[in-house]
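1. quick one: sequence plus predicted model below, questions after.
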Amino acid sequence: MKKAKIYIPNKSPMQSGFGKTDKWILEYETKNPTNNPLMGWESSTDTYTELKLEFSTKELAINYAKKKKIDYELIEPKKRKTVKKSYADNFLR
């Protein structure tokens, strides 16, 4: 049986905004990964690992996994803790 994980991707460290972080991703897990003896890369004969399906909501991703009988692991996003700072705070201490 296929296994997958459903998650929201982290923002890229190369961007300051939160673009492309509103989609839920269903990504299949690798079965029997092997090392390529020539290059040392990890490879697999399972082509499902190349798929990343995007969904607009978590419920759509879960419904898809249930409909296709895919075992899934749901990874909830963590809330970011933001600290409001002011430039003036540098001079008040």
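-> The structure has been received and is ready for your questions.
2. so where is this protein shaky, pLDDT-wise?
-> Residue ranges of the chain with pLDDT under 70: 1, 15, 18-20, 93.
3. in it, which spans are helices?
-> Residue ranges of the helices in the chain, as given by DSSP state H, are 58-67.
4. hang on, isn't residue 24 packed against residue 63?
-> No - in this structure residue 24 lies outside contact range of residue 63 using C-beta atoms under 8 Å: 11.3 Å. For the C-beta atoms, the positions are set from N, CA and C on the backbone; glycine is no exception.
5. the more surrounded of the two?
-> Using other C-beta atoms under 10 Å as the criterion, residue 24 and residue 63 rank with residue 24 on top: 22 against 12.
6. what's near enough to touch that one?
-> Residues in contact with residue 24 (C-beta atoms under 8 Å, 6 or more residues apart in numbering) are 6, 7, 8, 54, 55, 56, 57, 58, 60, 61.
7. at 6 Å what do you get?
-> Shown in contact with residue 24 (C-beta atoms under 6 Å, 6 or more residues apart in numbering): 8, 55, 58, 61.
8. just residue 36 next, same as before
-> By C-beta under 6 Å, 6+ apart, residue 36 lies in contact with residue 43.
9. roughly how far does it sit from residue 45?
-> The gap separating residue 36 from residue 45 is 12 Å, by C-beta to C-beta, to the nearest Å.
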